[in-house]
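> let's see this in three dimensions:
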Amino acid sequence: MKYLCLCYYDQAKFETWSESDQEAVGKACAPHDEALRKSGHLLMVGSLAEPRWSRTLRPGNGGPSVAEGPYAATDEPLGAFFIIEARDMDEAIEVASKHPGAHLGRYFGGGIEVRRIDMLNQPEPRESGASVRSTRKGRTC
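Purely as a prediction, here's the structure:
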């Protein structure tokens, strides 16, 4: 089964990070990232832009309406996600516990929500000529 792991963070903590905190987080993330990758369960990982850059679509009378900001305002927004393959919820929790977000509360606060994916459809990629690239240098946090 596939599981979506949603990583939340404490926005107030994140906003107070110094340059040395950023370096410390990078170093602290490395062994956890490596363990997660080596588990063989990791299928996909992504980091999200800050909530202020999001837009929310809601049904309206003449079609969808668009509002600036996240669907739900919170002090612990969604910051990243990863998808894993696991036998059951117990194994999914064991695998997700390797993610840095489960260990670095002093920097992130927040936590990780693990949710089973009931349906996942992966359509063929568009032929736009655009390539997929990572701006996070392989880190999962």
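> I93 belongs to a helix?
Yes. According to DSSP: H, G, I helix; E, B strand; the rest coil, I93 belongs to a helix.
> give me the nearest residue to it, chain neighbours excluded.
Excluding its sequence neighbours, the residue lying closest to I93 (Cβ to Cβ, 6 or more residues apart in numbering) is V114, at 5.8 Å. Bear in mind the C-beta positions are built from the backbone N, C-alpha and C, glycine included.
> which stretches in this protein count as strands?
With DSSP state E as the criterion, the chain has strands at 2-8, 42-47, 55-58, 65-68, 78-85, 111-116.
> may I see the buried residues of the last one?
In other words, strand 111-116. By neighbour count on 16 or more other Cβ atoms under 10 Å, the buried set for strand 111-116 is I112, V114.
> returning to that earlier point: what bridges to the residue nearest to I93?
C5 (DSSP bridges).
> so where's this structure uncertain?
Residues of the chain meeting the criterion pLDDT under 70: 128-141.
> one more time with 80, if that's ok
Along the chain, the parts satisfying pLDDT under 80 run over 127-141.
> find the residue at the geometric middle of the chain.
A80 (1.6 Å; Cα atoms, centre = their mean).
> count of neighbours near the nearest residue in space to that residue that is not next to it in sequence?
Nearest residue to A80 in three dimensions, chain neighbours excluded: C7, at 4.1 Å (Cβ to Cβ, 6+ apart). For C7, the count of nearby residues is 25 (other Cβ atoms under 10 Å).
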